[in-house]
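Undergrad: predicted model and sequence below, questions to follow.
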Amino acid sequence: AQSVTQLGSHVSVSEGALVLLRCNYSSSVPPYLFWYVQYPNQGLQLLLKYTTGATLVKGINGFEAEFKKSETSFHLTKPSAHMSDAAEYFCAVSETGAQKLVFGQGTRLTINP
Amino acid sequence: GAGVSQSPSNKVTEKGKDVELRCDPISGHTALYWYRQSLGQGLEFLIYFQGNSAPDKSGLPSDRFSAERTGGSVSTLTIQRTQQEDSAVYLCASSTRQGTNGYTFGSGTRLTVV
């Protein structure tokens, strides 16, 4: 069965600092991996995804993530945090050929001025 | 439509009453999903529809919960005899058949059972 672990339910960084949100997954087959962002009182918005091909994927708002099979990780990074990045971030996994996404518990990102 | 539409956006109901939540997916998306988001609980899968196939109901927490999808488009999630623990945000999402582009989510219905 698939599962997702997001390390750190809350992460706080200063404006302009590096953002690193950690995600580890378990899957018995090659996974599809996703990061979503949720702003207050809104639904989830897709940030980026990995399905096949290049393991470093770039998404919207300057975020990127790298699929590392050997570490079963898909950490999300952004070089320089902006106040508008404050939100909750969810990592999700699905098995190749399946469609049901399994989500992590989410990480709330706070940006300090 | 341009996005996934959910209604109502907020619903307050008395314990024991039935509620219906509606989801209108993106036109052409064959797959539709319901998730529940409770405070501190992440996103909990409820049910998944794919075209004309039998739905995957494995996430429904009890027989008080049911869902249907009419004509392969609009879906209704029904909760009978609501309980206070049903209070949550109910999110609907849709995707293409392959699902490799991820889901598009609606803004959710915030259900409060008093």
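TA: Structure's in. What do you need? Numbers count the residues shown, from 1 in each chain, chains lettered A, B, ... in the order given.
Undergrad: beta partners of the spatially most central residue of chain B?
TA: The residue lying closest to the centre of chain B (C-alpha atoms, centre = their mean) is B:Trp34, at 3.3 Å. Beta-bridge pairing of B:Trp34 under DSSP bridges involves B:Ile47, B:Cys92.
Undergrad: so which helix or strand takes in the most centrally placed residue in chain A?
TA: Residue closest to the average C-alpha location in chain A (C-alpha atoms, centre = their mean): A:Trp35, at 3.6 Å. Using DSSP states H and E, A:Trp35 falls within strand A:31-38.
Undergrad: pLDDT of that strand, averaged?
TA: Summarised as a single mean, pLDDT over strand A:31-38 is 93.
Undergrad: next: stretch B:25-44.
TA: Computed over stretch B:25-44, the average pLDDT equals 89.
Undergrad: end to end, how far does that stretch reach?
TA: One end of stretch B:25-44 to the other measures 19 Å (C-alpha to C-alpha, to the nearest Å).
Undergrad: return the residues of chain B in contact with chain A.
TA: B:4, B:31, B:33, B:35, B:41-43, B:45, B:48, B:50, B:56, B:91, B:93, B:95, B:98-108 (C-beta under 8 Å from any C-beta of the partner chain). All C-beta atoms are positioned from the backbone trio N, CA, C, and that covers glycine.
Undergrad: sketch out the low-pLDDT regions of the chain for me.
TA: Let's take chain A. Applying pLDDT under 70 to chain A flags residues A:96-98.
Undergrad: chain B, not that one
TA: Along chain B, segments meeting pLDDT under 70 span B:1, B:40, B:98-99.
Undergrad: chain B: strands as residue ranges?
TA: For chain B, applying DSSP state E gives strands covering B:5-7, B:10-13, B:19-24, B:31-38, B:42-50, B:65-69, B:75-79, B:88-95, B:104-105, B:109-113.
Undergrad: and A:Cys91, which of those is closest to it?
TA: strand B:42-50 (10.3 Å; C-beta to C-beta).
Undergrad: relative to strand B:31-38, how tilted is the closest one?
TA: Relative orientation of strand B:42-50 versus strand B:31-38 (axes from the mean of the first three to the mean of the last three C-alpha atoms, to 10 degrees): 160 degrees.
Undergrad: is the strand holding A:Trp35 anywhere near chain B?
TA: Yes: counting by C-beta under 8 Å from any C-beta, chain B is contacted by strand A:31-38 at A:32, A:34, A:36.
Undergrad: name the residues that touch that strand?
TA: Here strand A:31-38 makes contact (C-beta atoms under 8 Å, 6 or more residues apart in numbering or on different chains) with A:2, A:21, A:23, A:25, A:44-51, A:59, A:61, A:63, A:65, A:67, A:74, A:76, A:87-96, A:101, A:103, A:106, B:99-100, B:102, B:105.
Undergrad: mind listing what it pairs with, with the direction of each?
TA: Partner strands and pairing direction for strand A:31-38 (DSSP bridges) are strand A:44-50 (antiparallel), strand A:87-95 (antiparallel).
Undergrad: between it and strand B:88-95, what angle do the directions make?
TA: Using the same axes, to 10 degrees: strand A:31-38 against strand B:88-95 is 130 degrees.
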